[in-house]
Each structure stands twice: as C-alpha cells, then as structure tokens.
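In: Make a model of this:
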Amino acid sequence: MKRDLYIDFAKGLATISIIFIHTAFWSGQFYIPTEARVFSLVFDVALFYALSGITSGNNIEKTLYRLLKLQITYMIFVTFLFFLDYFFKVFGLTFFSLEWLKDFYSTFGSKYVPSSISSAPQWEILGNWYLHSYSNCDTFPVVMGSFWYLKVYYILTVLGVLILRFFPRHINWFIGICVVLTLIFNIFPQYYPSGQVGYVAFYMAVFLIANRMKGKKIPTRMIPVLYGLVAIALAWMFWNYGGDMFYKLNKQKFPPKIPYIIWTLFSLVTLFVFYNRLKIEKPNFLTNVGQNAIFFYFGQGMSSSLVYFLVVPMKDSMPWYLLVLIIFPLNILLAVIISKGLKKIDDFGWKILEFLRARTAAKK
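Out: Numbers count the residues shown, from 1 in each chain. Take a look at the predicted model:
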C-alpha cells in the first residue's frame, strides 16, 4: 500500500508548529508579546489527534502492538533523560556547588529552581515517569511540560479502536455523546471534571470525526461554507467572551474549553480541506519530520529547554521579532540533531532488550 505523504507532511507541519508554540510559550515568555504567543496556537495539538483518527483502523491487536512499541520507546527515552538529569546534578555538586546549580536552574524562572538537590538517584521519579506521572525534569523542564499529550493519546487510541471495532454503526452516536459532554462541561463549569475526562471528551470527537473522513474529500463548494462557519464562530466567541479572551486562550487549553475549541477549528478545517486534495509526490523535510514525529516530539522538549540559555542573555539586546528569527530556526535545528541522536539511542535500547530477551527466554 502506497504511503500517503500528505499525512506525513501534515504531521511534520504540526510538529514544527509545536516547536514554535514551545518556543513562544516557554523561553518566549521573556521577550515575545502575548499577541504573538497566542497566534502560535493556530496550528496546535488537535491536529495530531485528527491525523491519528484518519490513520486508525479497527484492528485491536495491531493497535495495541503499536502502543506497546511506543510505550517501550517512551520508557527508553525517559530512562536516558533521567540519567542525563542525574549525572548533570552530580557533576554540578561535585565540581561546583549547590548554589551554582540553583543559579543554573533559575534561568528557567524562579518556580523551576528545585528546593533541594540530591546526589542520590531518585528512582521513584523514574518509576512515575514510566507510569506517565510527569513530574518535572529539572534540567529539561519543557519535556515533561509537553508530555500531557502522550497520556491523552494512549487513552484516545485504546478507546477509539474499541469503538471502531465493536460499534462501527454507532460512531456518529459516540461523536454526539462527546460533543454533548463537552458542551455540558462548558455550559455548567461547576461540573467540569478534573483529570483527563475533559480532554478525552473533546479530542475523542476530533479523533472519530477524522476517522469518518478517511478516504473522503470535502466538496469544493463546501469549503467557503466551512470557513464561513469558522469565522462566525470566532466572531461569536469574541462577542460573547470579550476581546480579552484572546489573551487567555492558552489557559483555555488545559483542559479544552469553548474559546480554545473554536480557536482550533480553523486548523482542523484546513487539514480536512487539503486532505485528498493536496498531493505530496516526493519526500521532503516536513514528511521526514512527520515520519519521525515521536523523536522530534521528545527532542523539541530538550531543545526548547536549551534555548533558554541564549534567550536570557540576548532578550534585551534586540527587538523581539529579530530574536525570534534566531531562536526559532535554532530550536528546529537542535530538535533535528537531538531527534537523530534519540533515534540511535532508541535503536540501542531495543538491541539491549532483545539481548536480554534472548538470554532469559526459556529453552525448549
């Protein structure tokens, strides 16, 4: 079956957009105006859930096997991250001092300075990371700050494949249930549940709608209608919530509330409009990023943490838009380099696991 390069292209574009979002909302808080940071959310994480819906099927065994591979790759990465963080702290305490380490971490902001730093490995932290409890990684704070996506992805994929496999004739009903729950949670905020329920209600609707779009093409005559509806929804949002809501959109993202949901409609409509319409004939940089999106997602958390050390000394020396033109491409370059290294580490980790499996397997 020929690979659909449009999916890889869209996933790559969404990944680059995530790098820009994390450039703007992490180190960018020191120098990028709020307006520019909010506009970075135009192409956001909802695209990944939509692309997952388009590419998902009803094969439970294949889906669970894919998730198991992803979980092992994730565990290899966080193990590497844990030891990298630990050895850096040991290095700092051995050759410098506790105060030097705290001054180092203050680069990320005062709230990221750990109250105590131990030279003994905190194994419980690694165990919690394995189980997707994303406590902060002091040396690379952006990594765990962006991992909320992964937990929701696991939940959506498992529930999604069960719906597709056992309720193929009731998908529209499940979409309706998710939409109704999202509206109830927003109309009656006192009932908005904590945890993952709000995320799953909205993003499951995105996932299932995208799955219904698989192999289909939006008619040309419907394109202006859809963009018109998006424009009307945006106009209603600002009329109902006020112009100040624009500056609060990022807070409306965790968990997704009506203003942020409306804000994502433009990117989702654009994704579906170009699906089966825009033909990507040859592999390119973005398709390569899309095919290796998980390593770029891991890598951008590390690169978005590293650029702090350029932003802080440079933020007052030039206009913000010039600094963005330096930091954003540099962040992409670092993410490319780190992702390639992480892929090699992943390959090495799988070889170790295969070696252990072969040595511990029962001989017949």
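In: List of residues touching stretch 58-75?
Out: With contact meaning C-beta atoms under 8 Å, 6 or more residues apart in numbering, stretch 58-75 is reached by 56-57, 130, 150, 154, 157-158, 161-162, 164-165, 168, 294, 346, 349-350, 353. Where you see a C-beta, it was placed from the backbone N, CA and C, and this is true even at glycine.
In: what do you get for stretch 260-267?
Out: For stretch 260-267, contacts defined as C-beta under 8 Å, 6+ apart pick out 41-44, 46-47, 182, 202, 227, 229-230, 233-234, 236-237, 249, 252-253, 256.
In: what does the model give the closest residue to residue 173 other than its chain neighbours for pLDDT?
Out: Spatial nearest neighbour of residue 173, chain neighbours left out: residue 167 (7.8 Å); criterion: C-beta to C-beta, 6 or more residues apart in numbering. The model reports residue 167 with a pLDDT of 96.
In: My read is that residue 167 contacts residue 174, right?
Out: Yes: using C-beta atoms under 8 Å, residue 167 and residue 174 qualify as a contacting pair, with a distance of 6.8 Å.
In: buried ones in the host helix or strand of residue 153?
Out: Assessed by DSSP states H and E, residue 153 sits inside helix 148-166. Along helix 148-166, these residues count as buried under the neighbour rule (16 or more other C-beta atoms under 10 Å): 148, 150, 152, 153, 154, 156, 157, 160, 161, 163, 164.
In: Spell out the secondary structure type for the closest residue to the first one other than its chain neighbours.
Out: It stands for residue 148. Excluding the flanking residues, the one nearest residue 148 by C-beta to C-beta, 6+ apart is residue 134, at 6.9 Å. Under DSSP: H, G, I helix; E, B strand; the rest coil, residue 134 falls in the coil class.
In: what sits against residue 134?
Out: 144, 145, 147, 148, 151.
In: can you point me to the longest helix in this protein?
Out: Ranked by residue count, the top helix of the chain under DSSP state H comes out as helix 320-360.
In: Mind giving me the packing neighbours of that one?
Out: Counting contacts by 3 or more C-beta pairs under 8 Å, 6 or more residues apart in numbering; DSSP states H and E, helix 320-360 packs against helix 5-25, helix 60-95, helix 293-306, helix 308-314.
In: burial count for the residue nearest to residue 21 when sequence neighbours are not counted?
Out: Nearest residue to residue 21, sequence neighbours excluded (C-beta to C-beta, 6+ apart): residue 40, at 4.8 Å. Neighbour count of residue 40, defined by other C-beta atoms under 10 Å: 21.
In: Kindly report the same for residue 313.
Out: That count, for residue 313 with other C-beta under 10 Å as the rule, works out to 9.
In: repeat for residue 248
Out: Neighbours around residue 248, by other C-beta under 10 Å: 16.
In: now swap in the one 5 residues further on and tell me
Out: When neighbours are counted by other C-beta under 10 Å, residue 253 registers 20.
In: The residue lying closest to it once chain neighbours are set aside and residue 241, how far apart?
Out: Nearest non-adjacent residue to residue 253, counting by C-beta to C-beta, 6+ apart: residue 260, 4.8 Å away. From residue 260 over to residue 241 the distance is 11 Å, taken as C-beta to C-beta, to the nearest Å.
In: more crowded one of these two?
Out: More crowded of residue 260 and residue 241, by other C-beta under 10 Å: residue 260, with 22 against 16.
In: so where does the more buried one fall, helix or strand?
Out: In this structure, residue 260 is located in helix 258-274 according to DSSP H and E.
In: Whichever helix or strand comes after that helix: which residues count as buried?
Out: Toward the C-terminus, helix 258-274 is succeeded by helix 285-291 as the next helix or strand (DSSP H and E). For helix 285-291, the neighbour count (16+ other C-beta under 10 Å) marks 286, 287, 288, 289, 290, 291 as buried.
In: counting contacts, what elements does helix 285-291 pack onto?
Out: Against helix 285-291 (3+ C-beta pairs under 8 Å, 6+ apart) you get helix 5-25.
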